[in-house]
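Enquirer: can you look at this prediction? I've put the sequence above it.
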Amino acid sequence: MTFFKKLTCAVFIWLLFGTNVSFAESVAFNKAQLAALKIQNMGKQWLMLLWSVDCPPCFKELAIIQTLKRHHGDLLVVIINTDANDEIKTERKDIIEKFELKDFTNFHFVDGQGDQSRFFIDPNWYGELPRSYFVERNGEFHGKSGLVNQSLLTQWLVN
Amino acid sequence: MSTITKLVFSVIACTSLIFTLNTSEAAAHNHQPSHQAMQSEKEQVSPCKGIEIICAKTVTSVFAPNGDLWRLWALHSGIYFQISTNNGDTFSATTRVAIDKEKISARNENRPKIAFDKYHGVYISWVTPKEKKYTADVRFSYSSDYGKTFTKPVTVNDDNLLTGHSFNEMLVTDEGDISIVWLDSRLAYQLSLQGKKINGSALYLGKANYRKNTTSFSNEQLANNTCVCCRIAMDYNNHGELAIFWRHIYGDNIREFALLTLAQGESAQQTPYQISYDHWKINGCPHQGGAISINGNNRYHMVWFNQGDVGKGIFYASSNDQGKSLTKPISVGVQLAQAAHPHMKTNGDNIDIVWTQFTGTEHELWHQRSTDNGKSFMQSVKLATAVSGSDRPFIINKNKASYVSWHRPKQGHLVQAL
């Protein structure tokens, strides 16, 4: 690949991420983005929360994040929808809006690639939801399945 | 999004893209392998169009009493079917179930169900989501002419409440006795109006017989505190009684499997038996139901999936006293290879179990058979793979032959003799 091509590519992606496409709209998730998240948040304590439109307990955790955001402002939370189904695009958008999550980085698994995405995040996770990854400052991930209570989330994200 | 964030994502995404482009270029210089790879990919994944089965997320297959294989799927608010007279080698043209269009739940654990009586009656049940999130009704329609016409759909749950009714399962006897079970949130809804909470849903049973003009479904609560997002399983035992197997919530969100036989009279079972003791504590959605199949000697055979402190993975066990006692559960599949979504069926002394595993890029369909009523199992065999998602696999029987039905979205529906 020529230098010119590489430069064009870099400018294109910079424009893509830098102008119109806000992550509030939810972006298709891939390995590169996971790597970017890890690098970007190295040295910080953050949360990666995975949810589905078919998971009632997920909504409870999204509601907790909504509450914490209202009380504490910016939180280091990355939100990933796992449905991997283009048919639920509108539902996904409605839920992100309902729980006022647009200011967070929102991703979704690509249609038909749900298990591939799940696997590169964590091959020991079987898809049960909600799934929360507590990421330490040194980049170490600690996965927990099921609804996490508000006090633990507060402790991790606020204190 | 901060500038730093944008920069990091741009650099990594660009690097990834450059790598991809370089790979493409390298492949372009090596025509033969590249061409073969593209051909192979083309054969495996196809773009879906309209209402084709390849576009569906789920497929339901059942053999009718005359030996025809029916397969059923839902797309764009319609239910479609095809019939095969040669065990799935070829299928008829696609026909839409002749009812008004309405939304149909058809993904993961939820899908339409189909059953038959011995008089060419066809019975279809499905779940239609309502306007409010997590509200749905269980629906039903009947055809007395083998699918040419269908009755106007009715709602099976009789509470008329805007709340959850879903994960329907249906069995129909030769004489047309319909049994539909589902997970029902009416109690949770009613308690919420009083400011009270209850954990989970309730298990409900509806019965009717359209051939005998009993077209109004009874509604009976069988259990409370069930898991809210796993399919139910059921079968008839040798006395013609329904045995129902589902994921229950015990104690503080311990999700274990429970079994209830709807026996009559003195032998009526009051409390469901707890079947699994894997201690999976999760206040969430496993999205993995079990399977039950009862063979000629009234032995109950079951498979399930758990991720508990005590047991992780797929387990098989059987019971000769309707679940009161159980053989020691044995592990099925490779836990480290993501073994999940088991289904099973008995056929004489044969016990067939199928499940999926995942390599990180491909789903694999696996099969294991016992020919001695579950005493021992042959080595497991990989049957097929999928590259663009995987529906749950199911075993369907036609007389003494067993088949696996496995839908692979964008790739096709597989029917294979076991």
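Expert: Nice, I can see it.

Enquirer: so residue B:191: helix, strand or coil?
Expert: Look at residue B:191: counting by DSSP: H, G, I helix; E, B strand; the rest coil, its state is helix.

Enquirer: ok, the nearest residue to it once chain neighbours are set aside - contacts?
Expert: Leaving aside its chain neighbours, residue B:191 sits nearest to residue B:198 (5.4 Å; criterion: C-beta to C-beta, 6 or more residues apart in numbering or on different chains). C-beta: built from backbone N, CA, C; applies to glycine. Taking C-beta atoms under 8 Å, 6 or more residues apart in numbering or on different chains, we find residue B:198 in contact with B:187-188, B:191, B:224-225.

Enquirer: what about 7 Å?
Expert: By C-beta atoms under 7 Å, 6 or more residues apart in numbering or on different chains, residue B:198 lies in contact with B:187-188, B:191.

Enquirer: any idea what sits nearest residue A:88, other than its immediate chain neighbours?
Expert: Sequence neighbours aside, residue A:53 is the residue nearest to residue A:88 in space, at 5.1 Å (criterion: C-beta to C-beta, 6+ apart).

Enquirer: what number of residues lie near the one you found?
Expert: Counted with other C-beta atoms under 10 Å in any protein chain shown, the neighbours of residue A:53 add up to 20.

Enquirer: and what of residue B:241?
Expert: By other C-beta under 10 Å, the residues close to residue B:241 number 18.

Enquirer: that one contacts residue B:262, doesn't it?
Expert: Yes: applying C-beta atoms under 7 Å, one finds residue B:241 in contact with residue B:262, separated by 5.4 Å.

Enquirer: for chain A, what helix or strand is lowest in average pLDDT?
Expert: Within chain A, no helix or strand scores below helix A:3-18, which has a mean of 45 by mean pLDDT, DSSP states H and E.

Enquirer: which element follows that helix toward the C-terminus?
Expert: Beyond helix A:3-18 on the C-terminal side, the first helix or strand identified by DSSP states H and E is strand A:27-28.

Enquirer: I'd like the contacts of residue B:198 laid out as CSV, including pLDDT, distance to residue B:300 and neighbour count.
Expert: Shown next, in CSV, are those (pLDDT from 0 to 100; distance: C-beta to C-beta, whole Å; neighbours: other C-beta atoms under 10 Å in any protein chain shown):
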residue, pLDDT, distance to residue B:300, neighbour count
B:187, 96, 28, 19
B:188, 95, 30, 19
B:191, 95, 33, 13
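
Enquirer: just those now: which is nearest chain A?
Expert: Proximity of the contacts of residue B:198 to chain A (C-beta to the nearest C-beta) peaks at residue B:188, which lies at 10.3 Å.

Enquirer: does the closest one belong to a helix, a strand or coil?
Expert: Three-state assignment for residue B:188 (three-state DSSP): helix.

Enquirer: cool, residue B:49 as well?
Expert: The three-state label for residue B:49, taken from three-state DSSP, comes out as coil.

Enquirer: identify the residue spatially nearest to it, adjacent ones excluded.
Expert: For residue B:49, ignoring the flanking residues on the chain, the nearest one in space by C-beta to C-beta, 6+ apart is residue B:55 at 7.0 Å.

Enquirer: doesn't residue B:73 make contact with the one you found?
Expert: No: applying C-beta under 7 Å, one finds residue B:55 not in contact with residue B:73, separated by 8.5 Å.

Enquirer: neighbour-wise, which of these two wins?
Expert: For residue B:55 versus residue B:73, neighbours defined as other C-beta under 10 Å are more numerous around residue B:73 (28 against 17).

Enquirer: phi and psi next, for the more buried one.
Expert: With angles defined as degrees, to the nearest 10, residue B:73 sits at phi -150, psi 170.

Enquirer: beta partners for it?
Expert: Counting by DSSP bridges, residue B:73 is bridged to residue B:80.

Enquirer: just confirm it contacts residue B:82, I think it does.
Expert: No: assessed by C-beta under 7 Å, residue B:73 is found out of contact with residue B:82, at 8.9 Å.
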